[in-house]
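Asks: Pasting the sequence and the predicted coordinates here, then a few questions.
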Amino acid sequence: MEKPSSDLTPAFVVGSAGHIDHGKTSLIRAITGVDLDVLPEEKERGITISLGFTHKTGPDGRTLAFVDVPGHERLVRTMIAGAVGIDAVLFCVSAAEGVMPQTQEHLDILSLLGVTQGVIAITHCDSVDEDLIELCIEETRDTFTGTFLEHAPIIQTSAPDGTGIREVEETLHSLPIQTRDTSAEFRMSIDRVFAQKGFGSIVTGTAQSGRVQEGDELILLPAEKKVRVRGIEVHGEARKAASAGERTALNLAGTERNNLKRGMALSAPESVSAHSILDVDYRHLPNAPTLKNKARVRLLLGTREVLCVVDRIDLEKNLEGGENALLQLRCEVPMYVLPGDRFILRRESPMTTLGGGIVIDPWAPRFKSNQRSETVKELDHIKSGDETPRIERAGLSGLDKKQTRLRLGSEPKDSVWIGENLFSLKQKEQLSLSLISAVRNGHKALPLSEAIPKRSLKKGLLLEMRPDSFDALIETLHKEGQLDSTGPSVKIPGWKPNISTKQQAVIDALLQQLKADGLSPQKLADIPLDKEQINEIVALLVSQEKIHRIGGLLYEDSVIQKLIREIEDLLQKEKELSPGRFKELTNLSRKSAIPLLEFLDNKGVTKRLGNIRVSPTSYSP
C-alpha cells in the first residue's frame, strides 16, 4: 500500500474463460507481461488453480484489469467467484482441441451472470495448420450462436510468437464500459485475502456498487463485524477512494488475516441484511439434467457457496432443460443479498452447472403451495417494477424507515405512512376495515358503553401493527370521519348507548339514591336495585360524568358539584384547608375524606402544600 494518488480513470475488468489448458494465462501474460501462475503446483502442472489478477493501461488511459480464472471442472466455483463484476470476457478456445465441455459450461455461467460482451481468442494457432484453425473457428461460431458472444470478434492468437495479441488488446479497449451504480451503498464480494508486512490484512474484489473512501467504516459479512478501511489500492495505485466496477484492494483495520476468507463480503453499515429464503427468476440450462422439486443444490452467489433446497413456485413439477421458472431457494445459512443479484445453481454431486438467474425478493416469506397463484402475481409485479408487493410481503406490521430504505428503490404511489411505518393502500384498507369491524362488534357486545377502549380493539389482524401505527390508524380514521376518537376510547360516529326501558328505570333509581345519600353513599351492592348489567350501567354513567367513582364509592354529580362550590367559597374566605377542617365541613371520617380530597386535587379545585390545601389560583411558588 502506497501513499494515495489522485483518482484514476475507472478500469475495465476483463475475466478470462475457457476449457482447462486452452491458453488463458499465457494469453494474459502475452498482453501484460505478467505470469499469473505463481503457485508451485501451478508451475509444476502448468494449469491455473487460484484466481490471478493483473492490469495494463493503454494509450487511451483505459486500464484493462484482468481476472484469470481456472478452467478445470473441479474449480468452476473459483471461476464463478472471479467472474463476479466483470465488464467483458476474454474467451479462449484452443485451435488444437476446439470446443470442449468447460467451454460450454463457462459460456453458460457467464451468460447467467449477466456478462454481455467480450472477445473470442482462438489460441495455440502456432501449433496447428490453417485447416484446423478454420474448423475451430467454424465450430466456435456455431457453439456461440444465440449467446451474448454470437457477434463477438474472433481473433486468431499465439502467445509464443505474439500473433493477434495487439488485436486482442485493441479490441478490448474498444468495448464500451458498463454503467455502474455508484450512488448505491458500497458492496464488494471478497475473492482474495492476504497479509502484507507493515500493513496487515488485505482483501480484494470487484466493487459491486457504491463508493468507498479511506477511513470508511464497513461491515464484514457474514461475521457482521465492523472494520475500517485503512488504505485503498486500485491496480497497484494507492487511491483515496474506489467506485463500483473497479478491481479494489482494501487494507482493513479491526480484523485479523485468519478471520478473513474468500466468500465473505464487505458492505456499508445497514445496507444489507441476512435472509435464508430467496425468491428468484431462474433459467435452467438446455443441456442440464432434470432439476427435481425440493432437491438440494449448491447456490453460488457473489463469491460465496452454500447449500439450499429448491421449491418451484410457478408450477408443481420438476424443471427440464431450457425451462424458465420462479423458484424459492431456502438456504442452509443466511445470505446477504439484494434484489438484482445474480446467482448460479450447481448439483450437489456430481457438481455440474444447472442454471442460474436473478434474485427477485431476498426478504421472501416461506412459499405455500395453496398461495401459488397469488405468489406468482406478486413476483410478476415486482419484476415489472412495481414494488408495492415488497411492502405487503413484509406483513401487516409495515416497513419502518430503515427497512423502507433497504427494500425499496422508491416509495410506491400505492403506499401510505401510518405512524412510523409504510403500508400499501390495500393494507391500510384491510386494517381499517378490521378496526372499524372491531369497534362495531364492541358496540354490539357493550350496548350501554359510550365508547370502546382502544386497548380492547387490538386483536386479530391488528395485533401485527406496532403501537404507534395502531394509534396513528385510529387518528387517521378519526380525521376521515370513519371513527370518533375520544382519548383512550373509540366509537362509531353517531353512536349512542342503547338503553332499554328497564335499564332506564335502574339508572333513574340509582341516581336518585346516590343523590339522596350525598357524601355518604352506600356501597353499590347494598343499594336495592336490579343488578342485571349493573356494571355496564355504572360504566356508562361514569363516562357521562353523571356519577363519579371515588375511593371505591359512587357519588352523584350534583353532590360533587355542590362540594366543589363549598370548597372554593371556603378557600376564598379562609385561604387554606386542612384535613381536619374538611372533615368538620363534610362530617366524614378520615377514610372517606382523604379520597375526596385527592379527587379535588386531581380536578384542580385544590392544590396540596404539605398537609394543607390552597386554591390553585391564589398559589404562587
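Replies: Now that the structure is in, tell me what you want to look at.
Asks: List the beta-bridge partners for the closest residue to residue 398 other than its chain neighbours.
Replies: When the adjacent residues along the chain are set aside, residue 398 lies closest to residue 421, with 3.3 Å between them (C-beta to C-beta, 6 or more residues apart in numbering). Every residue, glycine included, has its C-beta placed from N, CA and C. On DSSP bridges, the residues paired with residue 421 through beta bridges are residue 418.
Asks: you'd agree residue 553 is up against residue 523?
Replies: Yes - taking C-beta atoms under 8 Å as the definition, residue 553 is a contact partner of residue 523 at 7.1 Å.
Asks: higher neighbour count, the two?
Replies: residue 553 (18 against 9; other C-beta atoms under 10 Å).
Asks: Look up phi and psi at that one.
Replies: For residue 553, the backbone dihedrals are phi -120, psi 160 (criterion: degrees, to the nearest 10).
Asks: residues touching it, list them.
Replies: Contacts were defined as C-beta atoms under 8 Å, 6 or more residues apart in numbering; by that measure residue 553 touches 521, 523, 592, 595.
Asks: Just checking, which helix or strand of the protein averages the lowest pLDDT?
Replies: When each helix and strand of the chain is scored by mean pLDDT, DSSP states H and E, helix 40-45 comes last, with a mean of 35.
Asks: Just the buried positions in the next helix or strand after that one, please.
Replies: Per DSSP states H and E, the first helix or strand lying C-terminal to helix 40-45 is strand 52-57. Under the neighbour-count criterion of 16 or more other C-beta atoms under 10 Å, strand 52-57 has 52-56 buried.
Asks: Can you spell out which residues form a bridge with residue 89?
Replies: Residue 89 has these beta-bridge partners by DSSP bridges: residue 15, residue 118.
Asks: how much space between it and residue 11?
Replies: Distance of residue 89 to residue 11, given as C-beta to C-beta, to the nearest Å: 15 Å.
Asks: of the two, who's got more company?
Replies: Looking at residue 89 and residue 11 with other C-beta under 10 Å, you find the greater number of neighbours at residue 89, namely 28 against 24.
Asks: CA atoms of the helix or strand hosting residue 561 as CSV?
Replies: Element membership of residue 561, judged by DSSP H and E, is helix 557-574. The C-alpha trace of helix 557-574 is given here as CSV (Å, rounded to 0.1, in the frame of the first residue of the first chain):
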residue,chain,number,x,y,z
ASP,A,557,-72.6,14.5,40.1
SER,A,558,-74.7,17.3,41.7
VAL,A,559,-73.4,16.2,45.1
ILE,A,560,-69.8,16.6,43.9
GLN,A,561,-70.6,19.9,42.2
LYS,A,562,-72.1,21.3,45.4
LEU,A,563,-69.0,20.2,47.4
ILE,A,564,-66.7,21.9,44.8
ARG,A,565,-68.6,25.2,45.2
GLU,A,566,-68.4,25.0,49.0
ILE,A,567,-64.6,24.3,49.0
GLU,A,568,-64.0,27.2,46.6
ASP,A,569,-66.0,29.5,48.8
LEU,A,570,-64.2,28.3,51.9
LEU,A,571,-60.7,28.8,50.3
GLN,A,572,-61.7,32.3,49.2
LYS,A,573,-62.5,33.2,52.8
GLU,A,574,-60.1,31.1,54.8
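Asks: Mind giving me the packing neighbours of that helix?
Replies: Using 3 or more C-beta pairs under 8 Å, 6 or more residues apart in numbering; DSSP states H and E as the contact definition, the elements that helix 557-574 packs against are helix 501-517, strand 547-550, helix 579-586, helix 590-603.
Asks: How about residues contacting that helix?
Replies: Among residues not part of helix 557-574, those counted as contacts by C-beta under 8 Å, 6+ apart are 514-515, 517-519, 545-548, 577, 581-582, 585-586, 596, 599-600, 603, 605-606, 613-615, 618.
Asks: try stretch 593-603
Replies: Residues contacting stretch 593-603 (C-beta under 8 Å, 6+ apart): 519, 548, 550-553, 560, 563-564, 567, 579, 582-583, 586, 588, 606-608, 613.
Asks: Let me know how buried residue 522 is, in neighbour terms.
Replies: For residue 522, the tally of surrounding residues (other C-beta under 10 Å) stands at 14.
Asks: out of everything not next to it in sequence, what's closest to it?
Replies: Distances taken as C-beta to C-beta, 6+ apart put residue 513 closest to residue 522, at 7.4 Å, once the chain neighbours are dropped.
Asks: Next one: that neighbour from residue 542, what distance?
Replies: Looking at residue 513 against residue 542, where the rule is C-beta to C-beta, the gap reads 16 Å.
Asks: Looking at those two, which is more packed in?
Replies: When residue 513 and residue 542 are compared for neighbours, residue 513 comes out ahead with 17 against 14, by other C-beta under 10 Å.
Asks: Residue 536 versus the more buried one, what's the distance?
Replies: According to C-beta to C-beta, residue 513 and residue 536 sit 18 Å apart.
Asks: Spit out the contact partners of the closest residue in space to residue 401 that isn't next to it in sequence.
Replies: Using C-beta to C-beta, 6+ apart and skipping residues adjacent in sequence, the residue nearest residue 401 is residue 420, 6.7 Å away. Neighbour list for residue 420: 400-401, 466, 468-469 [criterion: C-beta under 8 Å, 6+ apart].
Asks: So which of these wins on neighbours?
Replies: That'd be residue 469 among the contacts of residue 420, by other C-beta under 10 Å, with 24 neighbours.
Asks: Look up the pLDDT of the residue nearest to residue 401 for me, please.
Replies: What the model reports as pLDDT for residue 420 is 94.
Asks: Ok, residue 452 next?
Replies: For residue 452, the pLDDT comes out at 89.
Asks: Equivalent analysis for the one 3 residues further on, please.
Replies: The score at residue 455 is 89. That number is its pLDDT.
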